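Novice: Test case, fold it:
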Amino acid sequence: MTERIIRTAGFDWSQALRGRHPLNEASEMQLVRLGDISGMRRVFTNLVRIPPGKESWIPHAHSVEEEMAFVLEGTGDVVLDGERQAIGPGDYVGFPVDGVVHSIVNTGTGPLTYLTVGERSRVEVADMPTLGKTAVFRPGGVDLYGPDGLEHLTEAEWGARMQLPSAAEDGKG
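Specialist: Residues are numbered from 1 along each chain as shown. Okay, the predicted model is just below:
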């Protein structure tokens, strides 16, 4: 059964998905897919938590889907076309389809938690200038175009690359 009301106050973050952007070693986050849990299919809605010193996704610009972030707790920077601007609780950041490359970085001493909402198009194109790559997301996988040619990843392969090593594997255990 679909949950219409999801109570996030006092959420046990140990139950959240833990991962990173597959192409960004500095990325680390916990993610609660609120939209999926509530049965939403036309927009994604995620509660995201980034540990201190970590980043969200790789800097990217959308070509099809608009997105937004609303900061709930913590402090960080939103990076817009390479320029960092401080963000904190109550700040809203819109990411229209305008070519502005963006990412979020936790600059605080505690977690940076924000709500992100965006469109779910059948196809999305994202430019990742720090890698010199363009990603085309389609049902079933992603195609990465870059100076080294084309790399196709299935959804399962993309998901596997999002996995963080266990605490024992990364030397923190």
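Novice: Distance from the chain centre to the helix or strand Val105 falls within, please.
Specialist: In this assignment (DSSP states H and E), Val105 forms part of strand 102-106. Taking CA atoms, centre = their mean, to the nearest Å, the mean C-alpha location of strand 102-106 is offset from the chain mean by 9 Å.
Novice: contact partners of that strand?
Specialist: With contact meaning CB atoms under 8 Å, 6 or more residues apart in numbering, strand 102-106 is reached by 50-61, 69, 74-81, 84, 87, 93, 95, 112, 114. (Each C-beta comes from the backbone N, C-alpha and C, glycine too.)
Novice: what ranges do the strands span in the chain?
Specialist: Using DSSP state E, the strands of the chain run over residues 17-19, 29-32, 43-50, 61-62, 67-73, 76-80, 83-87, 92-95, 102-106, 112-119, 124-128, 133-138, 141-146, 149-154.
Novice: Nearest to Met162, out of the ones you listed?
Specialist: strand 17-19 (4.0 Å; CB to CB).
Novice: which other helices and strands contact the closest one?
Specialist: Judged by 3 or more CB pairs under 8 Å, 6 or more residues apart in numbering; DSSP states H and E, the packing partners of strand 17-19 are strand 29-32.
Novice: and the strand it packs on, which strands flank it?
Specialist: In the sheet, strand 29-32 lines up against strand 17-19 (antiparallel), strand 43-50 (antiparallel) (DSSP bridges).
Novice: For the spatially most central residue of the chain, what are phi and psi?
Specialist: Centroid-nearest residue in the chain: Trp57, 4.7 Å away (criterion: CA atoms, centre = their mean). Taking degrees, to the nearest 10, you get phi -100, psi 180 for the backbone angles of Trp57.
Novice: Drop the exposed ones from the contacts of strand 102-106 and show what's left.
Specialist: Among those, those classed as buried by 16 or more other CB atoms under 10 Å are 50, 54-61, 69, 74-79, 87, 93, 95, 112, 114.
Novice: Stretch 4-22: which residues count as buried?
Specialist: Taking 16+ other CB under 10 Å as the criterion, stretch 4-22 shows Ala16, Gly19, Arg20, His21, Pro22 as buried.
Novice: shouldn't the fourth one be in contact with Met162?
Specialist: Yes - His21 is within contact range of Met162, at 7.3 Å (criterion: CB atoms under 8 Å).
Novice: Spatially nearest residue to Gln163 (excluding sequence neighbours)?
Specialist: Gly19 (6.2 Å; CB to CB, 6 or more residues apart in numbering).
Novice: Who are the contact partners of that neighbour?
Specialist: Gly19 is in contact with Glu28, Met29, Leu31, Met162, Gln163, Leu164, counting by CB under 8 Å, 6+ apart.
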